[in-house]
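> Please work out how this folds:
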Amino acid sequence: AVTASDRLRRAGRAAEPGWVALSIQVDDPTHLRSAAGDNNWAHIISAFESLITEVFPAEADIGRKASGHLVVVVARPDTVVREYVRTVLRRFTEMDATSWIAVQLSASVGWVPAEAAGYDFDALVEQADTAASTAQRLGGDRWERVRL
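Below you'll find the predicted structure:
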């Protein structure tokens, strides 16, 4: 099986542009889980993960790092990735979760171009996680992008 790290290594050797890693995280998961309870939290996370797999193309590598925290590796132009990210943030915020929890849902995204970390999967994920944490500290419901 071809993994995201394999794809990134090959893309790096060919200096292919457009590869990015995204760390997509539900904002304030500890509070949400506590407020929603385990069963409703499971519904929220299932809806969150389904949304991400619906928005990103089939060839995107999507993996779960933790409950409410997915990593996506995809090769697309910046304008297309930006639209994917905007769609995920908007649709998750607009999700009708009132039957699960009386709190507005939101997520944050860390976005790192593969060139910024030498196409190294682990370094990309670490940088994307840091960028997502920055987005959360800035209020959440946004993305933070690492520039080259």
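> would you list every one of the strands in the chain?
Listed from the start of the chain, the chain has strands (DSSP state E) covering 19-26, 61-66, 69-75, 107-113, 142-145.
> can I get these in CSV with mean pLDDT and mean neighbour count?
To be clear about C-beta, it is placed using only N, CA and C from the backbone, and glycine gets the same treatment. Formatted as CSV, the strands of the chain follow (pLDDT from 0 to 100; neighbours: other CB atoms under 10 Å):
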stretch, mean pLDDT, mean neighbour count
strand 19-26, 98, 26
strand 61-66, 96, 14
strand 69-75, 98, 22
strand 107-113, 98, 25
strand 142-145, 98, 20
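> Could you provide the ones you listed in CSV, with additional columns for distance to D122?
Formatted as CSV, the strands of the chain follow (distance: least, CB to CB, whole Å):
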stretch, distance to D122
strand 19-26, 10
strand 61-66, 12
strand 69-75, 11
strand 107-113, 12
strand 142-145, 19
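> Which of these sits closest to I45?
When the strands of the chain are compared for distance to I45 using CB to CB, the nearest one is strand 19-26, at 7.4 Å.
> what are the pairing partners of that closest one, and which direction each?
Using DSSP bridges, the strands paired with strand 19-26 are strand 69-75 (antiparallel), strand 107-113 (antiparallel).
> residues making contact with the last one?
I take that to be strand 107-113. With contact meaning CB atoms under 8 Å, 6 or more residues apart in numbering, strand 107-113 is reached by 19-27, 48, 81, 85, 88-89, 92-93, 124, 127-136, 140-146, 148.
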